[in-house]
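K.L.:
Give me a model of this one.
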Amino acid sequence: MDTLHSMRVFVRVIDTGSFTAAAQAMDLSTAQVSRLVSELEQQLQARLLHRTTRRLALTEVGERYLQRCRQILSEVDEAAAEARGAHLTPHGRLRVHTMTGLGLQHLTTLVARYTEIYPEVVVELTLSQRTPDLLEDGHDVIITFARELPDSQMVAQVLGPMFSVLCAAPGYLKKQGVPLEPADLQQHRYLRLLDPLYEDSWVFNGEQGEFDVLPAENFQVNVAESLAKAAQAGMGVCLLPSFVACPPVREGKLLRLLPEYRLRERNIYAIYPSRRFLDAKIKTWVEFLKAELPSLLAQDEALLEDPKHWAINSKLLRNEK
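P.N.:
Numbering: from 1, shown residues only. Next up is the predicted model:
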């Protein structure tokens, strides 16, 4: 027995004044309407209506039950309308996870711009160095990067490319010299990012082939921003994600090494559960990222490809004024 349906039939009988009128309004037979009301009374073990050949009258129990039915059905209809509208109007809490560096450099700014457009959405942004389980951890969207994603039931949208660049501080390079080819790195101190997405070795792909370099370790840390600080302090040479390298490179605190190489190229992905009945806040957030993030990544790339930021061209290494 569908209790909600029977409750609707009962309310409609009262509103129309008869079983026949209710049946016509709900595209049912009079016998079906009568049976549903009787089954409802049987389930409740209470009489709701006094029936005669000419009229219907509510019992005292029926009066109270009718009021509760109206309240319940109103809330059910309101909840259904809200759920149906979820794919139309961005509203509610949007739980987003991304890697720390990308979140600090770009996503926090984009969240601010997104919430200006959609003020009814509250964004809960989580930053960490691990890629969580989307469903178990309760996130709506995960922003991550990888060469390729494993097969899954999730939807993955490409947001743009990222890569890593080799950097060191001007002061360190004045003392230790500028590496001109990958083999020269064996003579330098190696600052390593502890990240499951990255291999221990640095693989350089160039016109003369592939070079796999594993320099001696001097410092390890699991957050790219901390790695950049260590490099700025003159501790050694490091690989930084492009979006993390840009601020210190722009400020002259780090210089790019071996600019002919782009290492650890990845795609940045937005991952979410399903396209079917997609919540409007998820849809608009992913569309917003697809429209806005590529231009920020392009700005990063343009800065890093500018020769004035390369160690081999830098005046910072020549004592020039």
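K.L.:
from here on, contacts and neighbour counts on C-alpha atoms
P.N.:
Noted.
K.L.:
ok, Ala311 touching Leu255?
P.N.:
Yes. Contact criterion CA atoms under 8 Å: Ala311 and Leu255 qualify, at 5.2 Å.
K.L.:
So for the two, which residues contact both of them?
P.N.:
Here Ala311 and Leu255 share the contacting residues Pro170, scored by CA atoms under 8 Å, 6 or more residues apart in numbering.
K.L.:
So for those two, which sits in the more crowded spot?
P.N.:
Leu255 (29 against 25; other CA atoms under 10 Å).
K.L.:
Of all residues in this protein, which one is nearest the centre?
P.N.:
Val141 (2.6 Å; CA atoms, centre = their mean).
K.L.:
what's near enough to touch it?
P.N.:
Counting by CA under 8 Å, 6+ apart, Val141 has contacts 95-97, 134, 270-273, 282.
K.L.:
among the residues you listed, which are in helices?
P.N.:
Taking DSSP state H as the definition of helices, those contribute Ile282.
K.L.:
Could you rank the contacts of Val141 by neighbour count and give me the top one?
P.N.:
Going by other CA under 10 Å, His97 tops the contacts of Val141 with 26 neighbours.
K.L.:
Neighbours of Ile66, how many?
P.N.:
Not Ile; residue 66 is Leu. 19.
K.L.:
The protein - how does it break down into domains?
P.N.:
3-85, 92-161+268-300, 162-266+303-317 (automatic domain parsing).
K.L.:
Phe19: neighbour count?
P.N.:
Burial of Phe19 is recorded as 24 neighbouring residues (other CA under 10 Å).
K.L.:
Now do it against Ser74, distance only.
P.N.:
22 Å (CA to CA, to the nearest Å).
K.L.:
ok, and the closest non-adjacent residue to Ser6?
P.N.:
Leu36 (5.6 Å; CA to CA, 6 or more residues apart in numbering).
K.L.:
Give me the phi and psi for that neighbour.
P.N.:
phi -70, psi -40 (degrees, to the nearest 10).
K.L.:
How far does stretch 303-315 sit from its chain's centre?
P.N.:
34 Å (CA atoms, centre = their mean, to the nearest Å).
K.L.:
which residues touch it?
P.N.:
In contact with stretch 303-315 (CA under 8 Å, 6+ apart) are residues 170, 178, 242, 246, 249-250, 252, 255-257, 259, 317.
K.L.:
What's the biggest strand in this structure, counting residues?
P.N.:
strand 155-168 (DSSP state E).
K.L.:
Could I get the full set of helices for the stretch 201-321 of the chain?
P.N.:
224-232, 242-250, 280-304 (DSSP state H, counting those that start in this stretch).
K.L.:
Nearest to Thr59 among those would be which one?
P.N.:
With CA to CA, the closest approach to Thr59 among those belongs to helix 280-304: 45.9 Å.
K.L.:
What residues sit buried inside that closest one?
P.N.:
280-286, 289-290, 293-294, 297, 300-301, 303-304 (16 or more other CA atoms under 10 Å).
K.L.:
Which helix or strand in the protein has the lowest average pLDDT?
P.N.:
strand 209-213 (a mean of 71; mean pLDDT, DSSP states H and E).
K.L.:
Where does pLDDT dip in the stretch 1-150 of the chain?
P.N.:
Low-confidence segments of the stretch 1-150 of the chain, defined by pLDDT under 70: 1, 53, 78-79, 81-88, 131-137, 149-150.
K.L.:
please redo it, this time with the cut-off set to 80
P.N.:
1, 51-55, 74-89, 129-138, 146-150 (pLDDT under 80).
K.L.:
Start and end of stretch 212-227, how far apart?
P.N.:
21 Å.
K.L.:
residue boundaries of the strands in the chain?
P.N.:
49-51, 56-58, 92-99, 121-128, 141-146, 155-168, 190-193, 202-206, 209-213, 217-221, 237-241, 255-257, 263-272.
K.L.:
what lines up beside the second one in the sheet?
P.N.:
Here strand 56-58 has these sheet partners by DSSP bridges: strand 49-51 (antiparallel).
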